[in-house]
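K.L.:
whatever this is, show me its structure:
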Amino acid sequence: MQLYLPIAELTVNMFLFLGMGGAVGFLSGMFGVGGGFLLTPLLIFSGIPPAVAVATVTPQIVASSTSAALSYWRRRLIDEKMTLLLAAGGVAGSALGVLTFRALRSVGQLDLIISVAYVVFLGFIGVIMLRESLRAILRTRAGRPARPRGSAHHNWVHGLPLKMRFRRSKLYVSVLPIIALGSSIGFLGAVLGLGGGFIMVPALIYLLRVPTNVVIGTSLAYTLTTMAVATVLHATANMTVDIMLAFLLMVGGVVGAQFGAQVGQAIRAEQLRALLALLVLAVALRVLFSLFARPEEIHSLAIMGGAL
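P.N.:
Have a look, this model is predicted:
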């Protein structure tokens, strides 16, 4: 069935985007990520303008993250106090990101920056995650215990002031890196259409030593908060949120996230991180290829301004 998208100004197959939203929602629930790092490139590859793709992904991330977060909340696997601090920084970062998005779009550099940033961030994070997860898998197969989270393995973050106790995560750390992490990921999420979970999850695990079973739910709760703010700001300030496209992605995402959350809780933590790392690297390589691949249409007949 064909459907016209008023903001993207395209006619598309609605079942294609329902399926796309469902697949990404499944991955969101499984890995504890918003899914924007995967969905935004997929939309662009499908012909959706980059500015519309970035903005329209945000409500889909909200829908899929909410659905999956509820599943983790029922199991008491969300650190509410840490989520509030992350969200406080994330809201400020999202607001700044929307303003930056608008400025880049006005000077005509948005498309290139989105592609280059995806390659750099996804490639860097993917390599780090894959290395750490493979080490954990090899330790497990060799019969060696997983690396403890004791004081001997504390890093510089645990020496910062303004500490707070997080009982659900069994941590006593400074609020400064938590707020800074939330604001930086919120900024990237608004500019690039990222839920930020693929950065948030490894950062909480390796930087703050948050238990893996709490990380996924906390990441989802943070993501839905910041992306809700980004959705409102993109819709009002930039007017690039396509409601029809967002609805298709949201319906598919909500359904897929429920199944993904169930699957994710049945897989070992180190295996889950390795799968996420491979997915992140695959998306980075695909975006990198698109930067150098010959376009199907060398010339454009689009009207730059005014009338013929």
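K.L.:
for the rest of this, base every contact and every neighbour count on C-alpha atoms.
P.N.:
Fine.
K.L.:
quick one: Gly25 from Gly93, how far?
P.N.:
According to CA to CA, to the nearest Å, Gly25 stands 24 Å off from Gly93.
K.L.:
between these two, who's got more neighbours?
P.N.:
Each of Gly25 and Gly93 has its neighbours counted (other CA atoms under 10 Å); Gly25 has more, 36 against 26.
K.L.:
for the nearest residue to Val214 once chain neighbours are set aside, give me its contacts.
P.N.:
Leaving aside its sequence neighbours, Val214 sits nearest to Leu77 (CA to CA, 6 or more residues apart in numbering; 4.9 Å). Going by CA atoms under 8 Å, 6 or more residues apart in numbering, Leu77 touches Asn213, Val214, Gly217, Thr218.
K.L.:
leaving out sequence neighbours, find the closest residue to Thr11.
P.N.:
Per CA to CA, 6+ apart, closest to Thr11 is Tyr4, 4.2 Å.
K.L.:
helix or strand: which one has Leu96?
P.N.:
For Leu96, the host element (DSSP states H and E) is helix 80-106.
K.L.:
orientation of the helix or strand that that helix is followed by relative to helix 80-106 in degrees?
P.N.:
Proceeding N to C from helix 80-106, the next assigned helix or strand is helix 110-141, under DSSP H and E. With axes from the mean of the first three to the mean of the last three CA atoms, to 10 degrees applied, the angle from helix 110-141 to helix 80-106 works out at 150 degrees.
K.L.:
just checking, what packs against helix 110-141?
P.N.:
helix 50-74, helix 176-192, helix 197-202, helix 269-292 (3 or more CA pairs under 8 Å, 6 or more residues apart in numbering; DSSP states H and E).
K.L.:
which of those helices sits most buried?
P.N.:
Among the helices and strands packed on helix 110-141, helix 50-74 has the highest mean neighbour count (mean count of other CA atoms under 10 Å), at a mean of 26.
K.L.:
what packs against that one?
P.N.:
Helices and strands touching helix 50-74, by 3+ CA pairs under 8 Å, 6+ apart, are helix 14-31, helix 36-45, helix 110-141, helix 176-192, helix 212-233, helix 243-264.
K.L.:
indicate which one of those helices is closest to Leu160.
P.N.:
Closest approach to Leu160 among the helices and strands packed on helix 50-74 is made by helix 176-192 (7.7 Å; CA to CA).
K.L.:
which elements pack onto that closest one?
P.N.:
helix 50-74, helix 80-106, helix 110-141, helix 197-202, helix 212-233.
K.L.:
excluding its backbone neighbours, what's nearest Gly126?
P.N.:
Using CA to CA, 6+ apart, the closest residue to Gly126 is Ala277 (4.6 Å).
K.L.:
circling back to that earlier point, and the helices and strands packed on helix 176-192: which comes nearest Gly260?
P.N.:
It is, among those and with distance given as CA to CA, helix 50-74, at 7.9 Å.
K.L.:
quick one: mean pLDDT over the closest one.
P.N.:
Average pLDDT, helix 50-74: 79.
K.L.:
how far does that helix sit from its chain's centre?
P.N.:
Here helix 50-74 shows a centroid-to-chain-centroid distance of 9 Å under the convention CA atoms, centre = their mean, to the nearest Å.
K.L.:
and the helices and strands packed on helix 50-74 as a markdown table, adding distance to Val283 and mean pLDDT?
P.N.:
Listed next are the helices and strands packed on helix 50-74 as a markdown table, based on distance: least, CA to CA, whole Å; pLDDT from 0 to 100:
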| stretch | distance to Val283 | mean pLDDT |
| --- | --- | --- |
| helix 14-31 | 13 | 79 |
| helix 36-45 | 7 | 78 |
| helix 110-141 | 7 | 78 |
| helix 176-192 | 14 | 84 |
| helix 212-233 | 20 | 82 |
| helix 243-264 | 19 | 79 |
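K.L.:
redo these as CSV? Include distance to Ala284.
P.N.:
Shown next, in CSV, are these (distance: least, CA to CA, whole Å):
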stretch, distance to Ala284
helix 14-31, 16
helix 36-45, 9
helix 110-141, 5
helix 176-192, 13
helix 212-233, 21
helix 243-264, 22
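K.L.:
no more questions from me, cheers.
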